[in-house]
Structure formats: C-alpha cells, structure tokens
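S.K.: Return a 3D structure for these sequence lines:
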Amino acid sequence: MPQTRTVIERRWSSHPGNVHHARLTVRQYVERYIGSDIDLIELAIGEACANAIEHGSPSGEQNSFIVRCVIEPDLQSVIFEVEDEGEDFNITGLSLSHVPDLTSEGGRGLFLINSIMDDVALHSLGHGLMVRMTKHVAVWPAEG
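M.R.: Below you'll find the model as predicted:
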C-alpha cells in the first residue's frame, strides 16, 4: 500500500459507455482503501462522469473527460477528480445540498455525490468543470 501521495489519472472519450470503464478503474484502484463504501464511491464517480459527458462535452464524443484519484496517506483520504471540456459557466448557481425532485428522470447527480462523499467542491477551469470529491478513510491499510 502506498504510504506516500500517489496519483493516477486516466482520460476517456465522452462516450456514455466509458462511464462503466471509469467506474471499474476507480474501483480496482481504491477498493483496498475504501472498503465497504466502494459501491457508493463507484456510484458517485459514475454520476460525476455521466455529468461530464452530458453537460461538459459540447462536441460529443470528440470531447473527453479525465478521472483522477489521489491517495493521501497523511490525510487518510482518497480524492477523486472528474474534469470535463465543457464551456465555462458560472458555478455559483449550483447547489450541492439542494434536494432534487426525486421523481424526475435526472437532476440528482450532485445531490447524490454530496450525500456520499465527505467533501465536494466544484471548480470552473475556464475550459470546463472539475468536480473534486474527498472520502476520508477511518482505518488506513497497513503497508505490505
């Protein structure tokens, strides 16, 4: 197990089928740190990737999205970042805590992500949006 900061990063084309690949990649990399919360983490990552494809890919499959996982042993945390190539927009109108219409077909992604993760932040990059999600790990795996 890494005892120093470790970063993995992967880029996929903005094809909806790549949400599945992103979720599996994250799962394989962080499962040993996250433990029983892995299914919820995978759900949150999937929501962030689906949002990147739907809202952050103005050229469709010509665009791509990035998923980054940062293992932070000193903070006993795993940080996930999903970055898209969407148009720049004002994120001040987005609410992470707004309870959406639970009967609608969409619009629950940020609410779910915020409910699952310990910390969520949205960052406008000028060339897209980055969703940074942090999960704290109660018991950090020992090296070996």
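
S.K.: In terms of pLDDT, where does the residue at minimal distance from the centre of the chain sit?
M.R.: With the centre of the chain defined as its mean C-alpha position, the nearest residue by CA atoms, centre = their mean is residue 45, 4.0 Å away. Note for residue 45: predicted pLDDT of 97.

S.K.: Likewise for the one 4 residues further on?
M.R.: Note for residue 49: predicted pLDDT of 97.

S.K.: which residues does it contact?
M.R.: Neighbour list for residue 49: 18-19, 22-23, 65, 67, 82 [criterion: CB atoms under 8 Å, 6 or more residues apart in numbering]. For every residue, glycine as well, the C-beta is placed using N, CA and C.

S.K.: Equivalent analysis for residue 112, please.
M.R.: For residue 112, the residues meeting the contact criterion (CB under 8 Å, 6+ apart) are 43-44, 47.

S.K.: do residue 5 as well
M.R.: When the contact criterion is CB under 8 Å, 6+ apart, the partners of residue 5 are 70-74.

S.K.: Next up, phi/psi of it, please.
M.R.: Here the main-chain torsion angles of residue 5 (degrees, to the nearest 10) amount to phi -60, psi 130.

S.K.: Torsion angles phi and psi at residue 112?
M.R.: Recorded main-chain torsions at residue 112 are phi -60, psi -50, according to degrees, to the nearest 10.

S.K.: Could you measure from it over to residue 48?
M.R.: With distances defined as CB to CB, to the nearest Å, the gap from residue 112 to residue 48 amounts to 10 Å.

S.K.: Okay, and residue 131 sits in which element?
M.R.: Assignment of secondary structure by DSSP states H and E places residue 131 within strand 129-136.

S.K.: Give the buried residues for that strand.
M.R.: Taking 16 or more other CB atoms under 10 Å as the basis for neighbour counts, the residues of strand 129-136 that come out buried are 129-135.
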